[in-house]
Every structure is written in structure tokens, then in C-alpha cells.
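Visitor: give me a model of this one.
(one chain, ligands or ions: 3)
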Amino acid sequence: MSQGRPVILVIDDDPTARLFVRGALEPAGMIVTEASGGQESLTVFEKLTPDLVVLDIVMPEMDGYLTCSRIRSLPRGKRIPILIMTGLDDPNSIALAYEHGATDFINKPVHATILCHHIRYMLRTSNVLQALVRSEARLELAQRIARIGNWDWNPRTNRFSMSNELCRLAGIRPQDFGGTFEGFLQLVHPDDRSAVRRALDNLVHHRALCDIDHRIVLPNGTDFTIHLQAEGVREEETDELTVIGTAQDITERKQAERAIHRLAYYDSLTGLANRVLFKDRLSHAISHAERHGQTLATLFIDLDRFKVINDTLGHTVGDLLLTQVAERLSESVRQSDSVARHADQEPSHALARLGGDEFTILLTALPNPEDAGRVARRILEALAHPFNIEGHEVFIAASIGISIYPSDGATVEALLKNADTAMYHAKEQGRNNCQFYSSGLNAAAAERLDLENDIRRALEREEFIVYYQPKLNIHSRKILGAEALIRWKHPKRGLVTPGVFLNAAIDTGLIRPMDEWVLRKACSQVKAWEQAGLSPITVSVNVSNSLFHGRTLPTTVGDALRESGLNPNQLELELTESIAMRDVEASITMLEGLRTMGVRLSIDDFGTGYSSLSYLQRFPLSRLKIDQSFVKDLQTNDNNVKITKAIIAMAHSLNLSVLAEGVETEEQLARLREEGCDEVQGYLFSRPVCAEDFELLLRGGADVRTAA
Ligand code: C2E
Ligand code: MG
Ligand code: MG
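Guide: Ligands and ions are numbered 1, 2, ... in the order given. As a prediction, this is how the structure comes out:
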């Protein structure tokens, strides 16, 4: 358009016709250019780019049809309105004109005013069309840049259409899309389909906002995330609902979010949590520990003389060392998870690098504060092996400070600060060691750690021995059997009873090899007495939780019986109520397996734990052992008499025999006999004694009553 005035190109070989058009249009403000033939018109068209073409059909050399299609094939001729103005009015000519790309058709002769209106109308339509095309193109471009596609769906007809950009995003060609809602769902990741369906259902039926992120699966199987938004629009006349929506590819945003999260919360060198994340976890752990009354520990680890390594071997070696240290620390923390006493508890220990050569560890749900010392010790051991870094053998040690919640602080800041203080204390103590913030714990932890190491060594050096305590028939006072009880012949401390070392053995997991050893030893000892000509007796062995719930018990028992040649019904296993009740179904299966082997089973310390009669009934037991606390004050405590009575009655009703533990006086014995107790065990007859002394008891060479 020239300064807002439309440019019209008239192509006609007849000068009068051209003059007529000019005369009709120029007064209406249009600019008219002329061409007298098809060929000429193409040159003029290219030069001027008119807004509309008026074209005659019958022309020499090149007719109107050919001219029309030539114009259409020019780059700027595709959308130009072309009006055919001709004297031919047969339907064939008209059809042919449209086929060649004409926009409209008008017959000569024509009135000037009508021609003018006709052309104005065509120009207006063409402008609107072009504006639409331009805005669609702009929209498409905008969508492409934003990676947004749009779609609409008519829930009644189920017609679903997707924009080109959405098809492109989904990796399909528009013509391949089926055009139904189900067709769209097919593109959605199977795990996300129900959520998408639900969101759109809610929109249609409850006018709820539809705004969800879901994945689209590309034809090659990979997927990406889009953000889907939709609105319902009601047609005014029909009240019909159409859902229109957008779908934006947010893969990059998600990736960026992840990258930002990594940068914000993780250490880029080691991949461990950073200070921010550690503090966050510690803060959550504190709230959790507060609610559940638990203990937790913060370990502050600082490498000793790391700066020296960094300065002499360079930063690259320093960085590699830090990554390897991080790996060993992770490994140590993992191990402390797997030996956690409460196997059913979620391991939730956290390791972080605060910066430089400083690391922190959070230990949650600690059974004892000293357990933190054990983890620290393991870390020091793990770091003690040399590191191999680019051919250098590097030695490193660490100083570790420990603070305990709640005793050393109840906030993130206090716990970190106090662990840090304790770490400095460890440095002062000559490095390569760990210190608790509360000094009292240092002594306790040190003692405990010594004890654990001692137990380990004692197992290797066979410093343990088995003592035997007789079990007697309450009426005949005849020895029916023995209970095997472990003792430790400590090189310095002398004979140590289980009360001193059992908990440490349980915590370290050493209890299991210890129990297995007692089991084998007791079986072969009892068999040996029998082979020496003494009358056969039974032997009972205490079974720890770790051994009982560890799956290997039947094999261990089987091996012990086979190796010793002892008759299975001479072996009795004692377990406490709490062990048996821990996992009742598993316990029943285990007990039934053992019972099938011929082994007898009894419940130890009965009355002190939580017992359920209905469960007891289901356990294939032979005996209940009444705990010594009931026997102790039978004389003075009426309540205990009642309980003892009840236990005996109940046991008998279940066909179990009853043994009373800890019988120290004749009075107790008399009372128990009165109440119908079957067997007894206690200092009144004999303390637990070594195998040689027990043999004397069996031979009747020593008075059962006076044995030490
Ligand atoms: P327990 O199985 O109930 O064993 C009875 C405990 O009572 C023994 O203590 C025994 O010396 C003591 N005792 C016996 N008669 C009397 C008495 O008349 N008066 C008093 N006051 N005490 C008496 P011990 O040997 O110190 O063992 C303590 C506990 O350690 C045992 O209780 C048992 O639960 C556990 N235990 C001992 N040996 C082993 C073992 O080899 N493996 C396992 N897992 N636990 C063991
Ligand atoms: Mg026992
Ligand atoms: Mg007992």
C-alpha cells in the first residue's frame, strides 16, 4: 500500500477496459497501474507488489488463466486477491479461473460503482486474512520460543486438537495424531495418566483449576516434563463446554532447579551434603529426637596436618585426598548403619563436608552416647590406612569431637559449636583421637572401647570358659541337668561374670560367636561326662537375641549336636520372653524347627517381661523358669507368692514344667514345693562351677549343697 492507498494492478490487452477500471477506482482513492499483457504484468507485479489484481481472461500470447497461476507462483503472489473480470460467463471458464487461483469473479460489463465496492470488499477481507496469518505466525513463533503448545478439547464430542508446536514437542506429526482425548493420553507417561485424567475430570465436573506437571513420552522412549494448564470455556448460545489449555516444556526449568538445588545443598568436590543441608538435617533430627525421646550425636571431624599435604603436594592432590577421605567416611557411616542394634530402624545418619578439611556426621537414634565413640573409632581406623593418590602414598589422621543431644545442647548451633570445641580438645590431646564434649563421657567411652577390644581379643585367645550350675528335682534333689553360664578368665581382672561384658558383646555383635562357642562347648562337655560313665543329664544354653533371630541357629545347633554326638533331647535352649515376643511368627517357625530336631525349649526369667498367654500357647515349649526376683522375697511379699502360684498353675495347664531360679534358702525351697514347683536351681544347692567341679557334683563326691 502506498501511503495508505491501495495499489491495484489492471491486466487487460484492451486499453478501454483498463481506462474503465482506472476511472472507477481512482476517484475512490486507489492507485491504479496497468499492464497490457500477461508477461508484462509479471514484471510490474514484482516491482510494485500491488494489493489487488484485476485480470482479464482473453488476451493474446498469455491468457488470464496462465497469468493467474504465474502470479500465484511468485513469492509475494500467494495471498494477493485476484479478481477475474471477463465477458466469458460460462460455468467452465469460471471454474477454470478458480482452479488457477482466482479469488473472485466478475462479469463484464460491470457498473463502475459496483466494481469499486467489490474491490473494496475484497481488499478488506484480504487485510483481515493477512493480519490473521501474521498473528498466527507470531503466535507460533512465540510458542516455539517458549516451548509452549496449545490444545483444546470438547468433552462432549471428545474431539481433541493439538497445535503444531505441541505436536512437535511430543515428537509426532500433526497428521498422525488421532484427535481424541485418549489419543492425547497415549502420549502421557503411563504413571502420570491417571493424574492427568483426574485433573481434567475435576475441571469439567467441578470447574477446578487444572494445573499439573506431567511427563510426555517421546516415540524414542525418552520422556520430558510439561506443565499443563487448562480452563473451561462455555459457548454462549449452546452452553457447550470447551476445554482450552497450554502445555509447556519445563525440562530445562526442572534441570535448572535440580542444578540450583545441587549447588545450594551439596559440596561440588565430594558430592557430600554441605553446611546448609547438614544444618537442615540436624535441625530435623533434633525435632524428631525431641518427640521420641532419643539421643543423637554430632561428630566434628578435622583432618590433622591437611594443610601440610596441600602445600607440599599441591591442591590437586589435596582435592583428590579429600574425595577419598569422603568415600572412607561414607563407608564408615554405612557400616554403623548396618550394625545398628535396632535393625527395624531406618538408617538416617548423615555425612557432610563443611568446607576445607572439615567434615561432620550426624548419628541418630543412638542406643547409648558411647556408640558415637565407637563410630568415631571406626573412622579413625578407616583413615589410618594410607591413601594412594597419583602414585603418592599419603598418610592422614583426624581429630574428632562429639557432642550429644540433649546433654550437650538442644540447638543446631550449640551442638555444632560444642562438637567443634571437643574437636579442638582432641587436637590438644595429640591428634588422631576423639573426644566427647562432656568429659564424663570420655572416660566412659574409653572404658567401653577398651572393653570391646578386650572381648574381641578374649575370643581369639580363648579366655572364656563355661561354668555349670545344677538344676535339681525339687523333691528328690537329684541333679537332672546343668545350665551353661559363660565366664571370662580375664588376665588382669580375674573371673568376670556376664553382667560386666554382655552388653558390650551385644552392642558389638560379638555375642553371637560367643553364644555359638558356649553351645558347642556345653554339648561336648555333657557328652564327655556321659562317656566317662556318669548318668546322662540335660544341659541348657542361653540364646541371645542376635543368635535367635539370626537364621543360623538351626545349623549351629545341628553342628554342635553332630560334632558332640549328644542326643538332641539332652539339649535345652533358654530364651527370654522379650526375645521370643520380638517377632512372634518368626519365633514360632524357628522354635518349631528346633523342636522337630528334638531340642527342648524354655522361657528364661519368666514373669519379668511382657508375656502373652495366647502366644505362649503357640510356642512349642517344655519349661518355664520363674525369675529369681519372685523367689527372692517369697517369704515377705505376698504378691510374689500369688504370682508364683499363678505362674505354676498356668504352666501346668499348658503342660509345661516349672523351674524356680535363684533358690537360696530352705524356706524358699519349702514354699516352692508347696506351690507345686517341679525343679529348682540356686545357691542353696550350688553356685555355677567349672566343669571339673561340676563333675565332682555329678559323681556325688561333693555335697551339692556346699559346693562353692
Ligand atoms: P540367667 O540365664 O537367668 O542365669 C541365671 C543367673 O543367676 C546366673 O548369673 C547365675 O549365676 C545366677 N544365679 C543362680 N543361682 C542364683 C542364686 O541362688 N542367687 C543369685 N543371686 N543368683 C543366682 P550369671 O551367670 O551372672 O548370668 C547372668 C545372665 O547372663 C544369665 O541369666 C543369662 O541371661 C546371661 N548369660 C550367662 N551366660 C550366657 C551365655 O553363654 N550366653 C548368653 N546369651 N547369655 C548368658
Ligand atoms: Mg538362663
Ligand atoms: Mg534366668
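
Visitor: can you list the residues of this protein near ligand 2?
Guide: Applying Cβ under 5 Å from the ion, one finds that the chain approaches ligand 2 through 542, 574, 604. Yep, even glycine has a C-beta here, placed from its N, CA and C like the rest.

Visitor: backbone dihedrals for the first one, please?
Guide: Comment: the main-chain dihedrals of Asn542 come out as phi -80, psi 140, following degrees, to the nearest 10.

Visitor: show me the beta-bridge partners of it.
Guide: Glu574 (DSSP bridges).

Visitor: with only the CA atoms kept, save stretch 281-298 in CSV.
Guide: What follows is stretch 281-298, C-alpha atoms only, in CSV (Å, rounded to 0.1, in the frame of the first residue of the first chain):
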residue,chain,number,x,y,z
ARG,A,281,19.1,-32.3,58.6
LEU,A,282,20.4,-31.7,62.1
SER,A,283,17.5,-29.4,62.8
HIS,A,284,15.0,-32.0,61.7
ALA,A,285,16.8,-34.8,63.6
ILE,A,286,16.6,-32.6,66.8
SER,A,287,12.9,-32.2,66.5
HIS,A,288,12.4,-35.9,65.8
ALA,A,289,14.7,-36.9,68.8
GLU,A,290,12.8,-34.4,71.0
ARG,A,291,9.4,-36.0,70.1
HIS,A,292,10.7,-39.6,70.5
GLY,A,293,13.0,-39.0,73.5
GLN,A,294,16.0,-40.2,71.5
THR,A,295,19.7,-39.5,71.7
LEU,A,296,21.7,-38.2,68.8
ALA,A,297,25.3,-37.3,68.2
THR,A,298,27.2,-34.7,66.1
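
Visitor: need the contact partners of that stretch.
Guide: 273, 348, 350, 352, 360-369, 371-372, 375, 402-406, 410-412, 415-416, 418-419 (Cβ atoms under 8 Å, 6 or more residues apart in numbering).

Visitor: show the buried residues in these.
Guide: 273, 350, 352, 360-366, 368-369, 371-372, 375, 402-405, 412, 415-416, 418-419 (16 or more other Cβ atoms under 10 Å).

Visitor: what comes up buried for the top helix by length along the chain?
Guide: When the chain is parsed with DSSP state H, its longest helix is helix 112-146. Neighbour counts over helix 112-146 (16+ other Cβ under 10 Å) mark 115-116, 118-120, 122-123, 126, 143 as buried.

Visitor: got a quick ChimeraX command for the buried subset of the residues of the chain next to ligand 2?
Guide: Command for ChimeraX, covering only those of those found buried under the criterion 16+ other Cβ under 10 Å:
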select :542,574,604
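
Visitor: ok, residues contacting the lowest-mean-pLDDT helix or strand in the chain?
Guide: Lowest on mean pLDDT, DSSP states H and E among the helices and strands of the chain sits helix 613-618, with a mean of 78. If you take Cβ under 8 Å, 6+ apart as the criterion, helix 613-618 is touched by 580-581, 584, 588, 603, 650, 654.

Visitor: in what helix or strand does Gln39 lie?
Guide: helix 38-48 (DSSP states H and E).

Visitor: and the helix or strand following that helix, average pLDDT?
Guide: Sequence order places strand 52-55 as the next helix or strand after helix 38-48, per DSSP H and E. Mean per-residue pLDDT for strand 52-55: 96.

Visitor: can you list the low-confidence ranges for the stretch 201-350 of the chain?
Guide: Confidence mapping of the stretch 201-350 of the chain against pLDDT under 70 gives the ranges 336-349.

Visitor: please redo it, this time with the cut-off set to 80
Guide: Across the stretch 201-350 of the chain, the ranges flagged by pLDDT under 80 are 236, 335-349.

Visitor: residue boundaries of the helices in it?
Guide: Here the stretch 201-350 of the chain has its helices, by DSSP state H, counting those that start in this stretch, at 251-265, 275-292, 306-313, 315-338.

Visitor: any chance of those helices in CSV, with distance to Glu674 too?
Guide: Shown next, in CSV, are the helices of the stretch 201-350 of the chain (distance: least, Cβ to Cβ, whole Å):
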stretch, distance to Glu674
helix 251-265, 71
helix 275-292, 47
helix 306-313, 74
helix 315-338, 52
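
Visitor: minimum distance to Ala670: which of these has it?
Guide: helix 275-292 (48.3 Å; Cβ to Cβ).

Visitor: what is the burial count for the closest residue to ligand 1 within the stretch 151-300 of the chain?
Guide: For the stretch 151-300 of the chain and ligand 1, the shortest gap (Cβ to the nearest ligand atom) falls at Thr295, measuring 25.3 Å. For Thr295, the count of nearby residues is 18 (other Cβ atoms under 10 Å).

Visitor: relative to ligand 2, how far out is it?
Guide: Remark: distance between Thr295 and ligand 2 (Cβ to the ion, to the nearest Å) = 30 Å.

Visitor: just read off the phi/psi values of that residue.
Guide: phi -110, psi 140.

Visitor: now do it against Leu366, distance only.
Guide: Thr295 is 5 Å from Leu366, where distance means Cβ to Cβ, to the nearest Å.

Visitor: so what's in contact with the two at the same time?
Guide: Common neighbours of Thr295 and Leu366 (criterion: Cβ under 8 Å, 6+ apart): Ile404.

Visitor: sorry, back to before: can you redo the residues of the chain next to ligand 2 as TSV with pLDDT?
Guide: Converted to TSV, these look like this (pLDDT from 0 to 100):
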residue	pLDDT
Asn542	97
Glu574	97
Asp604	94
